[in-house]
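Peer 1: Structure, please.
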Amino acid sequence: MAANIEIRENGASFVSTQVEWHNLGKVFDAPLTTKVALEESHANFKVQKQPIVALTPEMVAMMEDGKFANMSILRDMIIQNSVATMRTDRNETLGIVGDSYGVVQNEDAFAFIDNLCTGGEGTPCIESAGVLGMGERVFVTAKFPEPIRLAHKDNDLVEMYIVFTTSHDGKGAVTAMVTPIRVVCNNTLNAAFHNNSGRWNVRHTTNVNNRLANVAEATRALNLYDVYKAEFEDKMSLLAKVHLTDNEVKRFAVRSLVSDDIWKVYVNSGYNIESDDISTKTKNQYHALMDTIYGGVGQNILETNTALHVYNGLTCYLDNVARNKDNEKQFKSIMEGTAYDKQQRCFSELIKLAV
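Peer 2: Got it, this is the predicted structure:
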């Protein structure tokens, strides 16, 4: 499956308002309502918890021979404290979880997005939605109407999105995450703040649905966006006011890319990236990053050698230059993996200069 998107006889379980790299699913020319997105992405299925039975070798042999077993025997073989999550429209097992696991139905997940973005009014807000694997995970992306203008430039916009995911296999929490995207070069400007205002998680416990339905929790999640947007805009404005020397830019570029061990080698060499003790691969990555900082798409819009200029250059490099051939791994890297960590390290170091 491309990008692990579910593909069935009725097509790919994916919708979007733009043509994606995998060319799967349906493309719409405007945002969708949550109801339409749920149906068109084939996410309108139910999940139930079902008991798990341990079969003896004799019972397996009977099944293989087409013989019937006494159902009371099966009842006695039910495994305690564990259940299977089952997709009821296909009777497919999605995961094995504890019996206290709380199932979040897809329609409730989509309804949460509707409450989050439109106050439950049903206004079209969904930019993309999809089902992964056999239905183990569902994701929804909604875009908010007001963009941020970096450094107060009308031609350098940052669109604000909320990505919502839930799982049915016990391997992930219910998550709502603010994700800013710089339009001019389509790079993700992840920036985690100390109050963690950009992410909201709920574990799949027995009361998970109460938390999703709770007005106070939904309001808090909505404030998550408002607080994050205000804080993000403030931090970007601060970065725009910090000016770096050419040597400082070079050092920030290296620090953003390399491990602590390689950084020590770089420092001990007198900050010489061309040192024989530094690998050719690292050197090539550094030069590609520097090329992106000074010549990447949209970098000419920002004032050269500001902290914002450096941070944008790094995110543009990680998102658009140093791409993983596996697009699913690339997405995970940007949202919560290696690329995210590199962005955050650079952001944290640069913001120290501004406060």
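Peer 1: contacts, neighbours, all on C-alpha from now
Peer 2: Noted.
Peer 1: Ala129 - nearest residue in space that isn't next to it in sequence?
Peer 2: Nearest residue to Ala129, sequence neighbours excluded (CA to CA, 6 or more residues apart in numbering): Val140, at 4.3 Å.
Peer 1: where does that neighbour land on pLDDT?
Peer 2: Predicted confidence (pLDDT) at Val140: the value is 89.
Peer 1: contacting residues around it?
Peer 2: When contacts are counted by CA atoms under 8 Å, 6 or more residues apart in numbering, Val140 touches 110, 113, 126-130, 163-165.
Peer 1: Let's see that with 10 Å instead.
Peer 2: Applying CA atoms under 10 Å, 6 or more residues apart in numbering to Val140 gives the contacts 14-16, 34, 37-38, 41, 109-110, 113, 126-131, 162-166, 176.
Peer 1: now swap in Glu58 and tell me
Peer 2: Residues counted as contacts of Glu58 (CA under 10 Å, 6+ apart) are Glu64.
Peer 1: Just the buried positions in the host helix or strand of it, please.
Peer 2: Per DSSP states H and E: Glu58 is located in helix 57-64. Within helix 57-64, the residues that qualify as buried by neighbour count (16 or more other CA atoms under 10 Å) are Met59.
Peer 1: and the next element down the chain from it?
Peer 2: helix 71-76.
Peer 1: can I get the CA coordinates of stretch 148-164 in CSV?
Peer 2: The C-alpha coordinates for stretch 148-164 follow below in CSV (Å, rounded to 0.1, in the frame of the first residue of the first chain):
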residue,chain,number,x,y,z
ILE,A,148,0.3,34.2,9.9
ARG,A,149,2.5,36.7,8.0
LEU,A,150,6.1,36.1,8.8
ALA,A,151,8.0,39.3,9.6
HIS,A,152,4.8,41.1,8.6
LYS,A,153,5.3,40.4,4.9
ASP,A,154,2.1,39.8,2.9
ASN,A,155,3.9,37.4,0.5
ASP,A,156,5.4,35.1,3.2
LEU,A,157,2.4,33.4,4.7
VAL,A,158,2.2,30.5,7.2
GLU,A,159,-1.1,28.5,7.1
MET,A,160,-2.2,27.0,10.4
TYR,A,161,-3.4,23.4,10.5
ILE,A,162,-4.6,20.9,13.1
VAL,A,163,-3.8,17.3,12.5
PHE,A,164,-6.0,14.9,14.4
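Peer 1: ok, which stretches of the stretch 1-150 of the chain are helices?
Peer 2: Applying DSSP state H, counting those that start in this stretch to the stretch 1-150 of the chain gives helices spanning 34-40, 57-64, 71-76, 106-118.
Peer 1: Next: the stretch 251-355 of the chain.
Peer 2: 260-268, 280-295, 307-316, 327-336, 338-352.
Peer 1: and the second one, what does it pack onto?
Peer 2: What it means is helix 280-295. helix 246-257, helix 307-316 (3 or more CA pairs under 10 Å, 6 or more residues apart in numbering; DSSP states H and E).
Peer 1: repeat that for 7 Å
Peer 2: With contacts taken as 3 or more CA pairs under 7 Å, 6 or more residues apart in numbering; DSSP states H and E, helix 280-295 sits against helix 307-316.
Peer 1: How far off centre is the helix it packs on?
Peer 2: 20 Å (CA atoms, centre = their mean, to the nearest Å).
Peer 1: what helices or strands is that helix leaning on?
Peer 2: Using 3+ CA pairs under 7 Å, 6+ apart, helix 307-316 is in contact with strand 187-188, helix 215-240, helix 280-295, helix 338-352.
Peer 1: pretty sure Ser256 is touching Lys342, no?
Peer 2: Yes: the pair Ser256 / Lys342 is scored as a contact, 5.5 Å apart, by CA atoms under 7 Å.
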